[in-house]
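Enquirer: Below is the sequence, then the predicted model.
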There are 2 protein chains.
Amino acid sequence: MNIRFYNARILKTNDDHSFDIVEGELWVKGNEIVYIGDGSDAGNVVKGSDVIVWDKTVDAKRNLLLPGFKNAHTHTAMTFLRSFADDTTLQNWLFNQVFPREGQLTEDDVYWLNILGIMEYLTSGITSNFDMYFFPPKDAKASVDCGFRTVLTSGLNNFGGTVEAVEENYHIVNEMSDLTSFIIGFHAEYTTSKELMEGIADLAEKVKSPVWMHNAETELEVKECFDRWGMSPTQITDSLGMYKYGGGGYHCVWMDDRDFEIFKEKKLTAVTNPCSNLKLASGIAPITRYLKEGIPVAIGTDGPASNNALDFFREMYLMTALAKVREMDPEAVAADEVLYSATAVGAQCMGLNDCDRLEVGKKADIIMIDMDCPNMQPENNIVKNVVYSGSKQNVIMTMVNGKILYENGEFDIGFDKKEIYAKANAIIGRMK
Amino acid sequence: MNIRFYNARILKTNDDHSFDIVEGELWVKGNEIVYIGDGSDAGNVVKGSDVIVWDKTVDAKRNLLLPGFKNAHTHTAMTFLRSFADDTTLQNWLFNQVFPREGQLTEDDVYWLNILGIMEYLTSGITSNFDMYFFPPKDAKASVDCGFRTVLTSGLNNFGGTVEAVEENYHIVNEMSDLTSFIIGFHAEYTTSKELMEGIADLAEKVKSPVWMHNAETELEVKECFDRWGMSPTQITDSLGMYKYGGGGYHCVWMDDRDFEIFKEKKLTAVTNPCSNLKLASGIAPITRYLKEGIPVAIGTDGPASNNALDFFREMYLMTALAKVREMDPEAVAADEVLYSATAVGAQCMGLNDCDRLEVGKKADIIMIDMDCPNMQPENNIVKNVVYSGSKQNVIMTMVNGKILYENGEFDIGFDKKEIYAKANAIIGRMK
């Protein structure tokens, strides 16, 4: 599709983590941004290109075009467990509620549950996810069938999977589609034997992949890791040679000085999951320190069983609001930094360097924010309006890879939403 | 207007803070709920009533009718300062940014800025607010003109106002309209002389009103209060005989054992403002303890300069999520308790006992939640879906006093939204 947006406000990302907003046009040809400007210099001819025939011309009505949000840690298919077992201890939640039901999931279940999650992402302006769940090729297939962009990693642990299967999935998913890719990972130190972790380190070196895991989500996890190895999760995995090609950790709440050093040395990214960390009473991540040390921070929703929504506005708000209360410092973590994390850092850590910002030559993963809403007024500072006051209500378009998948509350993903809801209800209904 | 909703799911509130959901019809006659049931027994005749002629019949499509949310603490007209001066210290924010600009506000400004805030409330399912700001009669007038319900209190302090003016406003606002009422209050102990507080206590006794103030919002405020009086804000105000007719405090973050006792003895309500307390780095309120002690907790957004959104879903989520992380206990504060606070407790503490729940004879302050959205699926637990996953996106109707003021993204408040946005931008533009 070739789509021309005119009368738009367009967010331009600067390398210093600040933003500018320019007024004018943004053109999409196929899956790529081919022009940003006032339109006067270009007609509908882009340099080095034929005349573009527009499939669609959109009056943006001075609404705001943003790069889509990158959900840098999630378990999408856990939609079936939303509101199923909240307000309970982590132990009871995991061992009595979650694990026994996850054990009953079929590949087909995971396919449909992923689609429900993708729909929710689209309503929140999320254009790609970094997912860890069972049956990665099936997860990837759900994304491809919807036109959504997904980076998968393996949740390998002692209870299931092999390093060989991770390698197989690595190739299947990386070769499946332009919309899908795979980065090496495993569940977490506390669920994975040293032998498996060594296998992962070898595989990562072989295929030249970064490595990801759940890292320092709870205080207990870190304590027990020290009891086992005399080292933190970051330190033991680093000692196994895990990060030759970088990578990072999900959650990263309970870090010590040496952990910060390793993150800096190995250029690792910390993905923060503020809502999940509150709801499961894990703690509040030291965002201020990451940023001070120059460690990139991306943002994730975590899975819908632990959060429970896949709402990036809530996560963005809490990345800064929780940092402020953690440090008792209202100056902590400015709004620009949050939006940079939500877009550019997320893309970078997911290997989506061509989806990180709105710029000619980048992939067209774009959302439109309705400025014609009371929470976006007055316009004292538009980035702050988005980060501090924005809500899913403001998302009036979500485009992935040049295709509009969600617009004005309607989905265009090739599935009937009622059918997807019925599937999800039937899957959990079977397990009650 | 007489409005019949059919094919609805209707939330019924129980006195033990739990909820039931019934399927059927809800009828509104004038400004009152006159029937809830399956419709079969009633035709369109309600016992003791004439045949009702419907002005509007609504197929609710199995969407959820809830009592509207009660925003139990806010400064609505501060919309002009949204995103104006964030990420800065409280001192700088108040003394260099907020106060000098508030000093320039005219009564007319406050009228228009209130309307912008009311619009935002409607998008969030808020049907009434408990407001403290300059020019209470003008604030009230804005609500009446929109058809919105407002309870006002005075922000009396050493920098402006008199007890006599509070008394005058008490009568003006209470007599203005069925939609408006006034409860005695003052700004806070740290801004108000003992003489003024004594005057407020006398006035409250004279008119038999509860008394409200900002209470224990910051640690410093409490420390300085002890330095001045050897007592906390709760203790000094109680010692002045402030709470003969009850009342309560806004924020209530830094409380000691004696404060809890006084709240119990005097049947005071604590209004929590979770987003504001994070963003201004004030702290996290002890919600678990309030509930354990049987002290009612209501929820407020605080003003849009300190939050910055007027988004009740964000506040509801954080009432429980912050309690969980504060106590490091994922079992803290169940979803039902949050929804009860957001509706019934809010109404009770605002003196809106006829707006607290959906029941025959109650005022028709009703919202409709779109269940046909991915974040509301599957339907494992609908109350949890609302509290943990809900967003403003799910609010498809907000009715106040029997009139639909907001439906499917459109306002019916007698004002053009573009005009209101232009007014707000012009007001802050004048002060830059």
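Expert: Structure's in. What do you need?
Enquirer: Can you give me the buried ones in stretch A:301-312?
Expert: Neighbour-count burial for stretch A:301-312 flags A:301-312 (criterion: 16 or more other Cβ atoms under 10 Å in any protein chain shown). Backbone N, C-alpha and C define where each C-beta goes, glycine included.
Enquirer: Could you show which parts of the stretch 201-350 of chain A are in contact with chain B?
Expert: A:275, A:277-284, A:304, A:307-311, A:313-314, A:317-318, A:320-322, A:324-325, A:327-335 (Cβ under 8 Å from any Cβ of the partner chain).
Enquirer: ok, of those residues, which come out buried?
Expert: Looks like those have A:275, A:277-284, A:304, A:307-311, A:313-314, A:317-318, A:320-322, A:324-325, A:327, A:330, A:332-335 buried, using 16+ other Cβ under 10 Å.
Enquirer: Going along the chain, name the strands of the stretch 201-350 of chain A.
Expert: Here the stretch 201-350 of chain A has its strands, by DSSP state E, counting those that start in this stretch, at A:211-215, A:247-251, A:269-272, A:297-299.
Enquirer: The ones you listed into a markdown table, with extra columns for mean pLDDT, distance to A:Ser177 and mean neighbour count?
Expert: Converted to a markdown table, the strands of the stretch 201-350 of chain A look like this (pLDDT from 0 to 100; distance: least, Cβ to Cβ, whole Å; neighbours: other Cβ atoms under 10 Å in any protein chain shown):
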| stretch | mean pLDDT | distance to A:Ser177 | mean neighbour count |
| --- | --- | --- | --- |
| strand A:211-215 | 98 | 21 | 29 |
| strand A:247-251 | 98 | 23 | 27 |
| strand A:269-272 | 98 | 24 | 28 |
| strand A:297-299 | 98 | 23 | 27 |
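Enquirer: now the ones you listed in TSV, with distance to B:Asn114?
Expert: Formatted as TSV, the strands of the stretch 201-350 of chain A follow (distance: least, Cβ to Cβ, whole Å):
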stretch	distance to B:Asn114
strand A:211-215	47
strand A:247-251	42
strand A:269-272	36
strand A:297-299	34
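Enquirer: Now for the residue lying closest to A:Ala305 once chain neighbours are set aside, how many residues are close by?
Expert: Leaving aside its sequence neighbours, A:Ala305 sits nearest to A:Leu81 (Cβ to Cβ, 6 or more residues apart in numbering or on different chains; 3.7 Å). Neighbourhood size, A:Leu81 [other Cβ atoms under 10 Å in any protein chain shown]: 26.
Enquirer: can you tell which of the strands of the stretch 201-350 of chain A is closest to B:Leu179?
Expert: For the strands of the stretch 201-350 of chain A, proximity to B:Leu179 was assessed by Cβ to Cβ; strand A:297-299 is nearest, at 41.1 Å.
Enquirer: Adjacent strands (with direction) for that closest one?
Expert: strand A:269-272 (parallel) (DSSP bridges).
Enquirer: could you dump the partner strand to PDB, C-alpha only?
Expert: Extracted as PDB, the C-alpha positions of strand A:269-272 are listed here (Å, rounded to 0.1, in the frame of the first residue of the first chain):
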ATOM      1  CA  THR A 269      19.800  -3.400  27.900                       C
ATOM      2  CA  ALA A 270      17.500  -3.500  31.000                       C
ATOM      3  CA  VAL A 271      13.800  -4.000  30.100                       C
ATOM      4  CA  THR A 272      11.600  -2.500  32.800                       C
END
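Enquirer: hang on, the earlier thing: mind checking which of the buried ones among the residues of the stretch 201-350 of chain A next to chain B land in helices?
Expert: Using DSSP state H, A:275, A:277-279, A:313-314, A:317-318, A:320-322, A:324-325, A:327, A:335 are the members of those that sit in helices.
Enquirer: In those, find the pair that's most separated.
Expert: Comparing every pair within these by Cβ to Cβ identifies A:Lys279 and A:Ala335 as the most remote, at 23.7 Å.
Enquirer: got the phi/psi numbers for the nearest residue to A:Asn273 once chain neighbours are set aside?
Expert: Leaving aside its sequence neighbours, A:Asn273 sits nearest to A:Asp302 (Cβ to Cβ, 6+ apart; 4.3 Å). Main-chain torsions, A:Asp302, degrees, to the nearest 10: phi 60, psi -180.
Enquirer: Now do the contacts for A:Asp302.
Expert: Neighbouring residues of A:Asp302 by Cβ atoms under 8 Å, 6 or more residues apart in numbering or on different chains: A:73-75, A:250-251, A:273, A:275-276.
Enquirer: what's the answer for A:Thr272, then?
Expert: A:251-252, A:285, A:287, A:297-300, A:315, A:319, A:341.
Enquirer: Turn the residues you listed into JSON lines, columns for distance to A:Ile118.
Expert: Listed next are those as JSON lines, based on distance: Cβ to Cβ, whole Å:
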{"residue": "A:His251", "distance to A:Ile118": "23"}
{"residue": "A:Cys252", "distance to A:Ile118": "26"}
{"residue": "A:Ala285", "distance to A:Ile118": "26"}
{"residue": "A:Ile287", "distance to A:Ile118": "28"}
{"residue": "A:Val297", "distance to A:Ile118": "24"}
{"residue": "A:Ala298", "distance to A:Ile118": "19"}
{"residue": "A:Ile299", "distance to A:Ile118": "18"}
{"residue": "A:Gly300", "distance to A:Ile118": "15"}
{"residue": "A:Glu315", "distance to A:Ile118": "17"}
{"residue": "A:Met319", "distance to A:Ile118": "23"}
{"residue": "A:Ser341", "distance to A:Ile118": "22"}
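Enquirer: domain assignment for chain A?
Expert: A:2-67+A:355-411, A:69-349 (automatic domain parsing).
Enquirer: Show me which of those domains has the highest average neighbour count.
Expert: When those are scored by mean count of other Cβ atoms under 10 Å in any protein chain shown, the highest mean neighbour count falls to domain A:69-349 (a mean of 22).
Enquirer: got the end-to-end distance for it?
Expert: Terminal residues of domain A:69-349 are spaced 13 Å apart (Cα to Cα, to the nearest Å).
Enquirer: With stretch A:96-113 instead?
Expert: Start-to-end, stretch A:96-113 (Cα to Cα) is 21 Å.
Enquirer: Pick out the residue in the stretch 151-300 of chain A sitting closest to chain B.
Expert: Residue nearest to chain B within the stretch 151-300 of chain A (Cβ to the nearest Cβ): A:Leu278, separated by 3.8 Å.
Enquirer: doesn't B:Val325 make contact with that residue?
Expert: Yes. Counting by Cβ atoms under 8 Å, A:Leu278 touches B:Val325, with 4.6 Å between them.
Enquirer: Overlap of the contact sets of those two?
Expert: Common neighbours of A:Leu278 and B:Val325 are listed as A:Ile284 (criterion: Cβ under 8 Å, 6+ apart).
Enquirer: so what's the residue positioned nearest the centre of chain A scoring on pLDDT?
Expert: The centroid of chain A falls nearest to A:Asn71 when counting by Cα atoms, centre = their mean (1.3 Å). Confidence at A:Asn71, expressed as pLDDT, is 98.
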